[in-house]
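Q: quick one: sequence and predicted model below, then my questions.
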Amino acid sequence: MEMTRDRYETLITNAEIQARVDAIASEITTCYSGTVPIMMPLLRGAFVFAADLARKLDLDVEVDFLGASSYGGATETSGEIRMTLDSSSPLSGRHVLIVEDIVDTGLTLGYIQKLIRSRGVASLRTAVLLDKQCRRKSQVDIDWAGFTIPDRFVFGYGLDGPGGLFRNLPDIMALPAE
Ligand code: PRP
């Protein structure tokens, strides 16, 4: 189906996102007070959320990156998680904060959490912007969640949309509900 930009619906505005990111950043700042955590955005989708969150933390943090992909442009997960980038820092003994854009089935986050835990970290916590709880197949630990959302195809604010585009849009958008 041909889809034009004006048929996309704004689900969450950037102003609403910023207000939630402020609140989450404040809680994370309190949680890690006195420590130097390492923040690990999961590429590609988390790059915008992580950039906003990092700049609202009143903390000394390190930043490193992980990359994973299972959708590869499809709307249904393949269930096969591929690491596209591993961290460059040793994680043993570190307080690690995973930053993720969306949890859908939970397969990606579950895989990543298991991997990071296996490296002997001092603690592992996870901040997620969007939680599609209704789609969960695998239980995962989430410490901070921005918004619980319905089962809609969402994109923008880092998430890819139709044709692999629209990660750069400032709001969370959705295809029209069926
Ligand atoms: C998306 C998203 C999460 C994952 C969530 O990544 O960024 O990592 O899917 O889905 P799940 O809970 O069903 O595993 P995607 O594979 O599209 O890669 P991307 O981040 O590069 O867009």
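A: Sure, I can see it.

Q: what are the bridge partners for L42, then?
A: In this entry, L42 is beta-bridged to L66, by DSSP bridges.

Q: contacts only, for it.
A: Remark: with contacts taken as Cβ atoms under 8 Å, 6 or more residues apart in numbering, L42 is in contact with F65, L66, G67, A68, I98, V99, E100, D101, T108, L109, I112. To be clear about C-beta, it is placed using only N, CA and C from the backbone, and glycine gets the same treatment.

Q: mean confidence score for the helix ranked longest in the chain?
A: The residue-count maximum for a helix in the chain (DSSP state H) belongs to helix 14-31. For helix 14-31, mean pLDDT is 98.

Q: could you confirm L129 falls within a strand?
A: Yes - counting by DSSP: H, G, I helix; E, B strand; the rest coil, L129 is located in a strand.

Q: residues contacting it?
A: So, once contact is read as Cβ under 8 Å, 6+ apart, L129 ends up touching I17, R20, V21, A46, F49, E100, D101, I102, A145, G146, F147, Y157.

Q: doesn't T126 make contact with V96?
A: No - counting by Cβ atoms under 8 Å, V96 sits too far from T126 to count as a contact (9.2 Å).
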